[in-house]
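A.B. asks: Take this sequence and fold it.
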Amino acid sequence: MKQTNFDRYLTEQLADPAFARRFKQAGQAWDVALQIAALRQRAGLSQKELARRVKTSQQQICRLESPDYEGHSLSMLRRVARELSARVRVVIEPEEVAAATGVADTPALYRTKRARSSRSGRAEKPRS
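C.D. replies: You can find the predicted model right below:
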């Protein structure tokens, strides 16, 4: 696959250990946010309804679904997961192992819906 300008730029930036560390940390926050949002949507719940069930505020659920938020508590994640018929799994591993696996450690357990265009120029239905 042909590399884009962004791919080349990102590869160059990832050579800087400080950038690579921040990039990985941001990716972890994105993963948590997207997983919670996807599970909530799959359950057919609004943020407000999930908040009511978890006995917290809608703003707190919004924060949990924000990729910028890094104040997750294990107890809150467990409460949210329980209401979404999910479980929380935390993996802490030596840095050598984490570095060997690259930026995207594991395949994501969530999907985002995106319209894809076909060769005929018509938009295809998003996959769910």
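A.B. asks: ok, how many other residues are close to C62?
C.D. replies: The local packing of C62 (other Cβ atoms under 10 Å) involves 14 other residues. Backbone N, C-alpha and C define where each C-beta goes, glycine included.
A.B. asks: next one: the one 10 residues further on
C.D. replies: For H72, the neighbour count with other Cβ under 10 Å is 17.
A.B. asks: how close does E12 get to A20?
C.D. replies: Distance check for E12 against A20: by Cβ to Cβ, to the nearest Å, it reads 11 Å.
A.B. asks: Am I right that R82 falls within a helix?
C.D. replies: Yes: looking at R82 with DSSP: H, G, I helix; E, B strand; the rest coil, it is inside a helix.
A.B. asks: so where is the protein shaky, pLDDT-wise?
C.D. replies: The chain contains residues with pLDDT under 70 at 1, 97-128.
A.B. asks: Can you tell me the element the residue nearest to the spatial centre of it falls in?
C.D. replies: By Cα atoms, centre = their mean, the chain has its centre lying nearest to D31, at 1.9 Å. According to DSSP states H and E, D31 maps onto helix 17-42.
A.B. asks: Next secondary structure element downstream of that helix?
C.D. replies: helix 47-54.
A.B. asks: Pull out the buried residues from the following helix or strand past that next one.
C.D. replies: Counting by DSSP H and E, the next helix or strand C-terminal to helix 47-54 is helix 58-64. For helix 58-64, a neighbour-count test (16 or more other Cβ atoms under 10 Å) marks 60-61, 63-64 as buried.
A.B. asks: which helices and strands does helix 58-64 pack with?
C.D. replies: Packed against helix 58-64 by the contact rule (3 or more Cβ pairs under 8 Å, 6 or more residues apart in numbering; DSSP states H and E) you find helix 17-42, helix 47-54, helix 74-83.
A.B. asks: Give me the distance between the shortest one and the centre of its chain.
C.D. replies: Translated: helix 47-54. 20 Å (Cα atoms, centre = their mean, to the nearest Å).
A.B. asks: by contact count, what packs against that helix?
C.D. replies: Helix 47-54 packs on helix 58-64, helix 74-83, going by 3+ Cβ pairs under 8 Å, 6+ apart.
A.B. asks: can you pull the contacts of the residue nearest to A81 when sequence neighbours are not counted?
C.D. replies: Leaving aside its sequence neighbours, A81 sits nearest to V88 (Cβ to Cβ, 6 or more residues apart in numbering; 5.0 Å). With contact taken as Cβ atoms under 8 Å, 6 or more residues apart in numbering, V88 is in contact with 74, 77-78, 81.
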